[in-house]
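**Q** Take this sequence and fold it.
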Amino acid sequence: MDDRKYGTCFFEQYAQISLSALLGREFETLVNRDRPDLQSPDGKSFGIEVTRAMEESKSAEQALLKDVAGLTKGEDDDDFGLILESGYAYGLRGDKYIGLKELSYWRMALPLRRIIESKVAKVANGFYGHFDKMGLFVFSKDDLRETDALKALNYTLGLQKYLEIRYNRLYLADVNDLFVCNLDDGISTAARLIRYKVSQAQRRDFYQEALRRQGGR
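**A** The predicted structure is shown next:
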């Protein structure tokens, strides 16, 4: 596995694992590459770009504030030990802590609308190549409500309305939910958005499997 900057590979693996567990076996065969990050083995059937979003005010306010190597060192539980050892907190302790290896990942995040706009422009100009179907998976550091997901869905539909190359699916993930947005033409409004709840046990499983695939445990 290639060593991606900012620990992005952990999140790409986490995305695939959660998609496979929540949506089905079609995601199990995706391979971790670049442009886009997850691809079908044939390099043309299906591609998913994985990215992250966070409100800028949140980045300043929370500092990426809870770097686990510092203020919280005295806490004593198994999850905290895993975070210190691995450098990743996402999936174990909600959105409260950020591990050393993922600190830069979140520092590079843009607000949701801006990251969607950027990624839609890139897919439209062929930056990710040409796939039969394309997905955009966005990790959110902020908790998302269904209304937030609907706004992102409608915003993406508006941006893509006249584009030849575009995303077929938008996946929005916060630590407790996965929102799956269908961006294909001819879909009724009621069928465009499905919300999948993610339990604490599932988050822990996703986390540990993502580490295992990196050879981290």
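
**Q** Which stretches in this protein count as helices?
**A** 8-23, 56-62, 78-86, 103-107, 112-124, 146-160, 200-213 (DSSP state H).

**Q** Save these as a markdown table, and put in distance to residue 172 and mean neighbour count too.
**A** For glycine as for every other residue, the C-beta is placed from the backbone atoms N, C-alpha and C. Output for the helices of the chain, formatted as a markdown table (distance: least, CB to CB, whole Å; neighbours: other CB atoms under 10 Å):
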| stretch | distance to residue 172 | mean neighbour count |
| --- | --- | --- |
| helix 8-23 | 11 | 22 |
| helix 56-62 | 16 | 13 |
| helix 78-86 | 24 | 17 |
| helix 103-107 | 16 | 19 |
| helix 112-124 | 8 | 18 |
| helix 146-160 | 5 | 17 |
| helix 200-213 | 16 | 17 |
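
**Q** lowest-confidence stretch among the ones you listed?
**A** With a mean of 59, helix 56-62 has the lowest mean pLDDT of the helices of the chain.

**Q** how about JSON lines for the helices of the chain, with distance to residue 179 added?
**A** Formatted as JSON lines, the helices of the chain follow (distance: least, CB to CB, whole Å):
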{"stretch": "helix 8-23", "distance to residue 179": "11"}
{"stretch": "helix 56-62", "distance to residue 179": "19"}
{"stretch": "helix 78-86", "distance to residue 179": "25"}
{"stretch": "helix 103-107", "distance to residue 179": "19"}
{"stretch": "helix 112-124", "distance to residue 179": "11"}
{"stretch": "helix 146-160", "distance to residue 179": "4"}
{"stretch": "helix 200-213", "distance to residue 179": "16"}
